Each structure stands twice: as C-alpha cells, then as structure tokens.
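Trainee: what follows is a predicted protein model with its sequence.
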Amino acid sequence: MIQPAKAFSNAFYFIQKGMASLRRIEEVLMEENKINDVSDAIAISGFADKIELRNVSFAYEDATVLKNINLEIPKGKKIAIVGGSGSGKSTFIQLLMRFFDVTDGEILLDGKNIKTIHQQDLRSLIALVAQQTVLFNDSVASNISFGKDDNPQAVQQAAVLAHADEFILKMPLQYETNIGDNGVKLSGGEQQRLSIARAIYKNAPILILDEATSHLDSNSEKLVQDALQNLLKDKTAIIIAHRLSTVQFADEIVVLREGSIIEKGSHKQLMQLNGEYKKLVDLQQL
Ligand SMILES: Nc1ncnc2c1ncn2[C@@H]1O[C@H](COP(=O)(O)OP(=O)(O)OP(=O)(O)O)[C@@H](O)[C@H]1O
Ligand SMILES: [Mg+2]
C-alpha cells in the first residue's frame with residue numbers, strides 16, 4: 001500500500017504545482033496589449049532610407065517627458081543621444097521600438113508612420129541592447145539566439161565579437177550552461193556582454209544601444225567598443241551613453257535636456273558651440 005500511496009501524494013503535489021504555473025501563464029497570456037496593429041497594417045521587409053521624428057511629444061502619464069522632437073536619422077548614420085539622467089533618452093528608444101505610442105506628432109520609417117507598420121516587421125529591423133538586460137532562465141546559447149534559428153556557429157561568433165566567449169568557456173557547461181532567472185548567475189558586465197552578443201546575432205539593419213557598456217570595466221569597455229565599431233560599420237545606429245568619450249565618433253550627437261533637444265551636431269561642432277555638450281565633456285575630463 002505504501003508505494004501507491006506515496007505515488008498518489010506525489011501526483012497530487014505535481015497537480016497543485018502545475019495549477020499554480022498555469023495560473024501564472026494565463027495571467028501573462030491574458031495581459032492586454034495596449035499597442036496593437038491596425039487592421040490593414042503594412043508588411044515591410046527592410047530599411048531603405050531614413051527614420052524621421054516630426055514634432056514628437058510624449059507623456060507616460062501627465063508629465064510630458066519628450067517635447068516636440070524633430071530629428072532625422074538617415075540610413076547608415078550613427079546618432080548619439082546624450083543628456084542627464086531622466087532627460088528622456090530611454091523613452092526616445094521606447095517610442096522608436098513602439099513599446100509606447102507617441103502622444104503627439106509622428107515617427108516615420110521610410111516615410112511610413114510606424115503605427116501603420118506590422119509591429120513584428122518593425123521590431124525585426126531593430127536590434128536593441130536595452131539599459132536593463134532581459135535574460136531568460138535558459139542556456140547561454142538560447143539567450144543569444146533568442147529562439148531565432150539556432151545556429152551554434154553564429155552564436156559563438158556573436159559571443160566572440162561581444163567578448164563574451166571568454167567567460168562563457170569558463171562556465172561548467174559552456175554554451176549549454178543555464179544562467180538562472182534573468183541571468184542572476186552572471187555579473188552585470190557579463191549580462192551586458194550577452195545582450196550585446198544577442199544584438200550582434202540578430203544582425204538587424206538598425207542597432208540601438210542604451211548604455212550598452214556601462215557595466216564594463218574600462219578595459220573590457222574598450223574591447224567591446226572596438227567590436228561594436230566594426231559591427232556598426234554598415235548599420236544605422238542610435239547610441240546612448242553617459243561616458244561621452246565613447247560617442248565622439250558619431251555622425252551627429254543630440255543633446256537632450258528635460259525632454260527637449262537643446263543642441264545637435266558633430267563632436268567638433270558642439271565643442272566649438274561651447275554650450276551644454278562642452279560643459280558635460282569638460283566635467284567628465286575632471
Ligand atoms: N514607465 C514609465 N512610467 C512613468 N514615467 C516614466 C517611465 N519611464 C520613465 N519615466 C519618466 O520619464 C522621464 C525620462 O525617463 P528616461 O528613462 O527616458 O530617462 P533617461 O534619459 O533614459 O535617464 P537615464 O540616463 O537615467 O537612463 C523620467 O522622469 C522618468 O521618471
Ligand atoms: Mg535611460
């Protein structure tokens with residue numbers, strides 16, 4: 001009698017556990033998505049010309065976080081966005097990815113309002129290294145490929161470029177090692193390099209980096225920056241960085257303050273302008 005009784009209580013335990021998981025999965029699945037495709041959403045397959053923001057304003061709730069932003073990002077250019085904490089840099093990115101819809105104005109991709117484009121198509125054009133890394137309780141390899149046709153060779157190549165290969169090879173199961181919930185088993189810098197590897201693997205025409213190297217020490221930052229330079233060569237890139245020395249190469253630097261663009265130009269132009277940007281650069285050289 002003991003064995004079957006044990007089996008029965010075990011089974012009961014698993015049913016309870018399964019029910020709890022099911023409830024959580026249901027919660028996620030039932031979560032209402034506020035950003036929806038319009039019924040006649042356009043399918044797009046590439047990025048040809050430019051991204052354009054026209055009089056874009058945005059408020060999460062009451063307070064306006066971005067005010068009347070006008071900006072053109074031509075294909076192939078590298079645009080840096082700088083400015084103090086809370087000036088609206090990450091918000092700008094969220095709007096480009098259409099995680100939120102603009103409150104006013106419009107964002108156009110090759111002349112099409114992004115609200116009219118299939119979300120999936122829009123996002124497939126953009127590789128994002130977000131300020132907060134999002135990793136899954138899964139293997140290193142799956143975290144890099146993100147479910148996009150697992151190609152072990154390409155995964156490894158991306159990891160090498162992101163200088164993640166070094167620490168991955170030291171892990172017990174290497175690319176098959178599980179990294180825990182949101183990568184808890186990794187250091188901040190390691191998590192960041194995994195996210196960079198993921199962006200490299202995605203190989204999208206537009207690359208967005210939000211403080212992508214902020215958790216790295218100066219030495220690794222230099223290495224990863226070099227790798228990114230290579231990667232950026234034939235891409236359109238939007239780069240957010242606090243450390244201004246890492247964005248001097250940008251074709252255009254956009255300075256945000258309290259949600260408005262206050263200066264715009266190359267590093268050289270902005271230094272000559274002797275305004276906010278120069279002040280920030282001087283401060284960081286102290
Ligand atoms: N999800 C949100 N809901 C409400 N307010 C938000 C949300 N995200 C950001 N904010 C607010 O919007 C403003 C701009 O935030 P944002 O994250 O764009 O700043 P940031 O320039 O990226 O700053 P940092 O350099 O610290 O990353 C801040 O005042 C912030 O409190
Ligand atoms: Mg930010």
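Mentor: Good, I have the coordinates. Ligands and ions are numbered 1, 2, ... in the order given.

Trainee: quick one, what contacts the residue in the chain that ligand 2 sits nearest to?
Mentor: Closest residue of the chain to ligand 2, Cβ to the ion: Ser90 (3.1 Å). C-beta: built from backbone N, CA, C; applies to glycine. The contact partners of Ser90, by Cβ atoms under 8 Å, 6 or more residues apart in numbering, come to Ala130, Gln131, Asp210, Ile240.

Trainee: okay, those residues in CSV with distance to Tyr60 next?
Mentor: Formatted as CSV, the contacts of Ser90 follow (distance: Cβ to Cβ, whole Å):
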residue, distance to Tyr60
Ala130, 17
Gln131, 16
Asp210, 17
Ile240, 18
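
Trainee: keep only those of those that are in strands.
Mentor: Counting by DSSP state E, the contacts of Ser90 place Asp210, Ile240 in strands.

Trainee: still on that earlier bit, how far away from the center of its chain is the helix or strand encompassing the residue of the chain closest to ligand 2?
Mentor: Per DSSP states H and E, Ser90 falls inside helix 89-96. Helix 89-96 has its C-alpha centroid displaced from the chain centroid by 10 Å (Cα atoms, centre = their mean, to the nearest Å).

Trainee: distance of Lys89 relative to His242?
Mentor: 9 Å (Cβ to Cβ, to the nearest Å).

Trainee: and for Asp121?
Mentor: Counting by Cβ to Cβ - Asp121 and His242 are separated by 32 Å.

Trainee: what is the burial count for the residue found closest to Pro74 once you drop the neighbours it is linked to in the chain?
Mentor: Distance criterion Cβ to Cβ, 6 or more residues apart in numbering; nearest residue to Pro74, sequence neighbours excluded, is Lys50 at 4.6 Å. By the criterion of other Cβ atoms under 10 Å, Lys50 has 16 neighbours.

Trainee: and for Lys264, the neighbour number?
Mentor: For Lys264, using other Cβ under 10 Å, the count is 17.

Trainee: and what of Arg98?
Mentor: Neighbours of Arg98 (other Cβ under 10 Å): 18.

Trainee: and it, which of the three is it?
Mentor: coil (DSSP: H, G, I helix; E, B strand; the rest coil).

Trainee: re earlier: which one's more surrounded, Lys89 and His242?
Mentor: Neighbour tally, Lys89 and His242, criterion other Cβ under 10 Å: the higher count belongs to Lys89, 24 against 15.

Trainee: separation between the more buried one and Leu29?
Mentor: Distance from Lys89 to Leu29, by Cβ to Cβ: 32 Å.

Trainee: what does Arg193 give?
Mentor: From Arg193 to Leu29 the distance is 32 Å (Cβ to Cβ).

Trainee: ok, those two, which is more surrounded?
Mentor: Arg193 (31 against 7).

Trainee: could you find the closest non-adjacent residue to that one?
Mentor: Ala164 (4.0 Å).

Trainee: the one you found - how many residues pack around it?
Mentor: Considering only other Cβ under 10 Å, Ala164 is surrounded by 27 other residues.

Trainee: Ala199 is in contact with that one, correct?
Mentor: No. Ala164 lies out of contact with Ala199 (Cβ atoms under 8 Å); the separation is 11.5 Å.

Trainee: only the C-alpha atoms, please, for the helix holding Ser90, written as PDB.
Mentor: Output in PDB follows, covering the C-alpha atoms of helix 89-96 (Å, rounded to 0.1, in the frame of the first residue of the first chain):
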ATOM      1  CA  LYS A  89      16.900  59.200 -23.700                       C
ATOM      2  CA  SER A  90      15.500  55.700 -23.000                       C
ATOM      3  CA  THR A  91      12.000  57.000 -23.600                       C
ATOM      4  CA  PHE A  92      13.000  58.100 -27.100                       C
ATOM      5  CA  ILE A  93      14.100  54.500 -27.800                       C
ATOM      6  CA  GLN A  94      10.900  53.000 -26.400                       C
ATOM      7  CA  LEU A  95       9.000  55.200 -28.900                       C
ATOM      8  CA  LEU A  96      11.200  54.100 -31.800                       C
END
